[in-house]
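> Here is a sequence with its predicted model. Questions after.
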Amino acid sequence: MCELLGMSANVPTDIRFSFAGLARRGGETGPHQDGWGISFYEGRGSRSFHDPEPSARSEIARLLRQYPIKSRIVIAHVRRANRGRVALENTHPFSRELWGRTFTFAHNGQLKGVKRLKLGRFKPVGTTDSEHAFCWMLGKLEERWGSLPKPTRLDGAVRELCAELHGLGVFNMLLSDSRTLYAHCGKRLCTLTRRAPFGTATLIDEDWRVDFAEETTPDDIVTVVATRPLTRDESWTDLAPGEVLALRLGVPDGDEAGAGAGG
């Protein structure tokens, strides 16, 4: 199975800390050596990096660990192939334009029979079940609305589509439209919110410790979503199978008080 990493924040935030831990799992401390990718949103735009090489040995991943790209929404993935060959076109996250927005998607798990789902105008470039599922979701959303709906309306539709795909197997997923980070737990996914007063955190997979009190302001809010905890000294919360989070500015929809920071 692959591993996922997502971040939602109320201020542009540097995710190098969390990404360093995830990247080590791509062929060094973990078996996910069949490619990796990461997407950063900047307003309505996004920039993405993909590499079919193991992230633990990738020169592109090494560059990103040195280059602090700050973003409010990030989606990353390290791959262990089970459907689809090891190739650039099969690395997550996948992206498509819908309603003038860049949608970005990453998934781990297997979905039995997903390729029998009929697609509309969105077609896969690669051969993974994951990309087929993403194209199917976008087609279903386009059938409902001709233009971008309000976030709360999109929340409900995403939850319904996730429930359908959840019925086909393991559907751990991250999705964003640049406004919201959606996280669906199929089998294993956990979250962590950093807020004031900030403490220190130490990666599990690398000797790196950060004092977030020195890196943040009191108003910062950052929620990290991952397949497995990335730090050894923070309290991560497991999502329940079938649970969907809709995170905006670092907090779940409906959380008025807010959940704070550094990725």
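Received it, and whenever you're ready, just let me know what you need. Residues are numbered from 1 along each chain as shown.
> right, and residue 104 touches residue 39 too?
Yes - between residue 104 and residue 39 there is a contact under Cβ atoms under 8 Å: 4.7 Å. Where you see a C-beta, it was placed from the backbone N, CA and C, and this is true even at glycine.
> what do the two both touch?
Common contacts of residue 104 and residue 39 (Cβ atoms under 8 Å, 6 or more residues apart in numbering): 46, 48, 75, 93, 95.
> Now distance to residue 197, neighbour count and secondary structure too, for these, in JSON lines please.
Below are those laid out as JSON lines (distance: Cβ to Cβ, whole Å; neighbours: other Cβ atoms under 10 Å; DSSP: H, G, I helix; E, B strand; the rest coil):
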{"residue": "46", "distance to residue 197": "32", "neighbour count": "21", "secondary structure": "strand"}
{"residue": "48", "distance to residue 197": "35", "neighbour count": "17", "secondary structure": "strand"}
{"residue": "75", "distance to residue 197": "28", "neighbour count": "32", "secondary structure": "strand"}
{"residue": "93", "distance to residue 197": "33", "neighbour count": "28", "secondary structure": "coil"}
{"residue": "95", "distance to residue 197": "37", "neighbour count": "16", "secondary structure": "strand"}
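> Tell me the one among these nearest to residue 18.
Comparing these against residue 18 with Cβ to Cβ places residue 75 closest, at 11.9 Å.
> Does that closest one touch residue 36 like I think?
No - Residue 75 is beyond contact range of residue 36, at 11.7 Å (criterion: Cβ under 8 Å).
> all strands of the stretch 1-150 of the chain, in order?
3-14, 36-42, 45-51, 70-78, 94-98, 101-108 (DSSP state E, counting those that start in this stretch).
> where in the stretch 151-263 of the chain is pLDDT low?
Residue ranges of the stretch 151-263 of the chain with pLDDT under 70: 254-262.
> Quick check: buried residues in stretch 86-102?
89-96, 98, 102 (16 or more other Cβ atoms under 10 Å).
> Likewise for stretch 108-120?
In stretch 108-120, counting by 16+ other Cβ under 10 Å, buried: 108-111, 114, 117.
> Next, the distance between the ends of it.
23 Å (Cα to Cα, to the nearest Å).
> Run through who's touching that stretch.
Contact with stretch 108-120 is made by 1-4, 77, 82-83, 129-130, 132-133, 135-136, 138-139, 142-143, 165, 168-172, 186-187, 227, as judged by Cβ under 8 Å, 6+ apart.
> List only buried entries from those.
Applying 16+ other Cβ under 10 Å to those flags 1-4, 77, 83, 129-130, 132-133, 135-136, 138-139, 165, 168, 170-172, 186-187, 227 as buried.
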